[in-house]
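Participant: Just a sequence and a predicted model for now, questions to come.
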Amino acid sequence: MSAIWNPVNWFEIPCHDLQESKTFYKGVLQVDLIDAEMGPNKMAWFPMEQGAPGAAGTLIQGDGYTPSHDGSLVYFGVPSIDSALETVAKLGGKTLLPKTSIGEHGSIAHFEDCAGNRVALHEKP
């Protein structure tokens, strides 16, 4: 195992109401999401660029996808955690862990999205 790579290449955030979750994340992250379907699942893909660093992912609505505070935690990079958390509150989410310094690596925060998922933010120093 000599290759160096970032192991995460895809994530899925469960939701019950895809349109509500799209509106929430569009507002918080200031991005457009692309509607898609795979089998019976409805999805809204976050912006992605093939070959670029980082992971791509989607909001997903379907059987077996239940919003939760438990399980894996996705971190979104943002220019300003303070601004993002203000938008989280305006769009029906709530702060779970306020902006917290992680030293030379910047700051993090956790929030609950409009569907009830625990999600995180990272701001570079």
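Facilitator: Yes, it's here. Numbers count the residues shown, from 1 in each chain.
Participant: the strands in this structure, which residues?
Facilitator: With DSSP state E as the criterion, the chain has strands at 10-14, 34-38, 41-45, 56-61, 75-77, 94-101, 107-112, 118-123.
Participant: Export these as TSV, with columns for mean neighbour count.
Facilitator: (C-beta placed from N, C-alpha, C; glycine too.) Shown next, in TSV, are those (neighbours: other C-beta atoms under 10 Å):
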stretch	mean neighbour count
strand 10-14	16
strand 34-38	11
strand 41-45	18
strand 56-61	21
strand 75-77	14
strand 94-101	13
strand 107-112	19
strand 118-123	19
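Participant: Would you mind putting these into JSON lines with mean pLDDT alongside?
Facilitator: Listed next are those as JSON lines, based on pLDDT from 0 to 100:
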{"stretch": "strand 10-14", "mean pLDDT": "97"}
{"stretch": "strand 34-38", "mean pLDDT": "96"}
{"stretch": "strand 41-45", "mean pLDDT": "98"}
{"stretch": "strand 56-61", "mean pLDDT": "97"}
{"stretch": "strand 75-77", "mean pLDDT": "96"}
{"stretch": "strand 94-101", "mean pLDDT": "98"}
{"stretch": "strand 107-112", "mean pLDDT": "98"}
{"stretch": "strand 118-123", "mean pLDDT": "98"}
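Participant: and of those, who's closest to Ser21?
Facilitator: Closest approach to Ser21 among the strands of the chain (C-beta to C-beta): strand 56-61, 4.8 Å.
Participant: For Ile102, grab phi and psi.
Facilitator: phi -120, psi 40 (degrees, to the nearest 10).
Participant: circling back to that earlier point, TSV for the strands of the chain, including distance to Pro67?
Facilitator: Formatted as TSV, these follow (distance: least, C-beta to C-beta, whole Å):
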stretch	distance to Pro67
strand 10-14	5
strand 34-38	19
strand 41-45	14
strand 56-61	10
strand 75-77	16
strand 94-101	14
strand 107-112	9
strand 118-123	9
